[in-house]
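**Q** how would this look folded up:
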Amino acid sequence: FAKALGINTSLVHYYLMLLLSFTVVASLQTVGVILVVAMLITPASTAILWSDRLKKILLISSFFGALSAISGLVFAILLEIPPGPSMAVAAFIFYLLSALFAPQKGVMAAHFKKRKYRRQVIEEDLLKYLFKHSQKKEISAVVLSEKLGIPTKKVEHYLSQMKNRGLLKLKTKGYWKCTEKGMEKGAELVRAHRLWETWLVANTGLKEDQIHEDAELYEHILDNDIIDHIDAALGFPDKDPHGEYIPQIYSRKTIEIKELEKGDRFILTGEEEWQSSLEQKSGISLINRVLIVSSHEGDKIVFQRRNLPEKYEVPLNPGFTVLHLSPKKVEIPEQV
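**A** Take a look at the predicted model:
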């Protein structure tokens, strides 16, 4: 990559080797021949746990290196021990603390992320089951426990938390049902599952009996932008490969681009030449992506992709059409 940018990588390489040589020579009298390796590696390893950006890593590494040297020297004076090993031990302690408590890559952070993800999966599985079946029969915590293989007390705990967030409501005799907000979230989960199954069959050659477990995993991972893209790329199917209904969360209508208003969502289907030209000019995928109108500026409309800051302009030419999307209330057919 550096060579592609025209950077003389050989010069950079030998310059870094020269700096490394200076560092080793300067450190020999401070920490000794053996421990110099620890002082070279440990601060850098510590810094990598705190950031992925090179500039920040260099600053953090320098900070931990200086801190290790100063604190090690202080302890060496107080405890009357050799300063070299004391500095190396200090550097290791800072690395150990960082490995445990760094906000992104630490052991504790990873533990809480896994715990949060497991809780998310259980709650979404409960919500999906209630969405699919509560319209046909009354469902209690005991039924959910049996169906999903989760202890009843844990199910009741999760149901109570979801009730507090307005996703569920408790009816008489301990039966649970989705609220309107819960129905929307449940529809998103079922939609993600069945669209992913449809995409797998259409694009990978897998058969209907090979896709369910994969979809069970990815329904919790894929965000709405990817799912909407898959939906549009597949032509907005209403049935999955098993013949089951795919919830429709948008009403769709083809309109001229000049009819769009600020905040409207739309899709470029790629059926018109100007849309493909716009995508090539922008250098980013726009076809079959949900786009949002930012503003009108004279004879142009400004829009952006969801969750991305970059903005794009299109002239309000007559005949330029797009597929307008408007959220609609989820309809639950008999067969969900």
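
**Q** C-alpha only now, for contacts and for neighbours.
**A** Fine.

**Q** starting at the chain centroid, how far to the lengthiest helix in the chain?
**A** Taking DSSP state H as the criterion, the chain has its longest helix at helix 9-48. Here helix 9-48 is found 36 Å from its chain centre; the criterion is CA atoms, centre = their mean, to the nearest Å.

**Q** for stretch 66-79, same thing?
**A** Using CA atoms, centre = their mean, the offset of stretch 66-79 from its chain centre is 42 Å.

**Q** Count the residues that sit near D231.
**A** For D231, the neighbour count with other CA atoms under 10 Å is 23.

**Q** Model confidence for it, exactly?
**A** For D231, the pLDDT comes out at 93.

**Q** what residues are up against it?
**A** Each residue near D231 by CA atoms under 8 Å, 6 or more residues apart in numbering is listed here: 195, 237.

**Q** What about L16, how many residues nearby?
**A** 12.

**Q** And W196, how far from R289?
**A** 16 Å (CA to CA, to the nearest Å).

**Q** about what we covered before: now for the longest helix of the chain, which elements pack on it?
**A** helix 54-79, helix 83-101 (3 or more CA pairs under 8 Å, 6 or more residues apart in numbering; DSSP states H and E).

**Q** pLDDT on the shortest one, on average?
**A** For helix 83-101, mean pLDDT is 91.

**Q** on that earlier part again, I255 is nearest to which of the helices and strands packed on helix 9-48?
**A** Shortest distance between I255 and the helices and strands packed on helix 9-48, using CA to CA, is found for helix 54-79: 47.3 Å.

**Q** and that closest one, what other elements does it pack with?
**A** Checking 3+ CA pairs under 8 Å, 6+ apart, helix 54-79 ends up next to helix 9-48, helix 83-101.

**Q** neighbours of the nearest residue to I60 once chain neighbours are set aside, just the number please.
**A** Excluding its sequence neighbours, the residue lying closest to I60 (CA to CA, 6 or more residues apart in numbering) is A47, at 5.3 Å. Counted by other CA under 10 Å, the residues lying close to A47 total 26.

**Q** can you check G263 too?
**A** G263: 12 neighbours (other CA under 10 Å).

**Q** coming back round to it: for the residue nearest to I60, give me its contacts.
**A** 57-58, 60-61, 64.

**Q** Same check on K185?
**A** Counted by CA under 8 Å, 6+ apart, K185 has contacts L127.

**Q** can you give me phi and psi for it?
**A** phi -70, psi -40 (degrees, to the nearest 10).

**Q** Check what pLDDT it gets.
**A** For K185, pLDDT reads 91.

**Q** all numbers from here: first residue = 571
**A** Sure, I'll start numbering at 571, so the last one becomes K755.

**Q** tell me the mean pLDDT for the longest helix of the chain?
**A** In this model, helix 579-618 has an average pLDDT of 82.

**Q** buried residues in it?
**A** Within helix 579-618, the residues scored as buried using 16 or more other CA atoms under 10 Å are 594, 597, 600-601, 605-606, 608-610, 612-618.

**Q** now stretch 786-798
**A** Buried residues in stretch 786-798, counted by 16+ other CA under 10 Å: 786, 789-790, 797-798.

**Q** repeat for stretch 625-634
**A** So for stretch 625-634, counting by 16+ other CA under 10 Å, buried means 627, 630-631, 634.

**Q** just stretch 847-855 next, same as before
**A** Of the residues in stretch 847-855, 848-849 count as buried by neighbour count, 16+ other CA under 10 Å.

**Q** then that stretch to PDB, C-alphas only?
**A** C-alpha atoms of stretch 847-855 as PDB (Å, rounded to 0.1, in the frame of the first residue of the first chain):
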ATOM      1  CA  SER A 847     -23.600   6.300 -13.800                       C
ATOM      2  CA  LEU A 848     -24.100   7.900 -10.400                       C
ATOM      3  CA  GLU A 849     -22.900   4.800  -8.600                       C
ATOM      4  CA  GLN A 850     -19.800   4.600 -10.800                       C
ATOM      5  CA  LYS A 851     -19.100   8.300 -10.300                       C
ATOM      6  CA  SER A 852     -19.500   8.100  -6.500                       C
ATOM      7  CA  GLY A 853     -17.200   5.100  -6.100                       C
ATOM      8  CA  ILE A 854     -19.500   3.500  -3.500                       C
ATOM      9  CA  SER A 855     -22.400   1.000  -3.700                       C
END
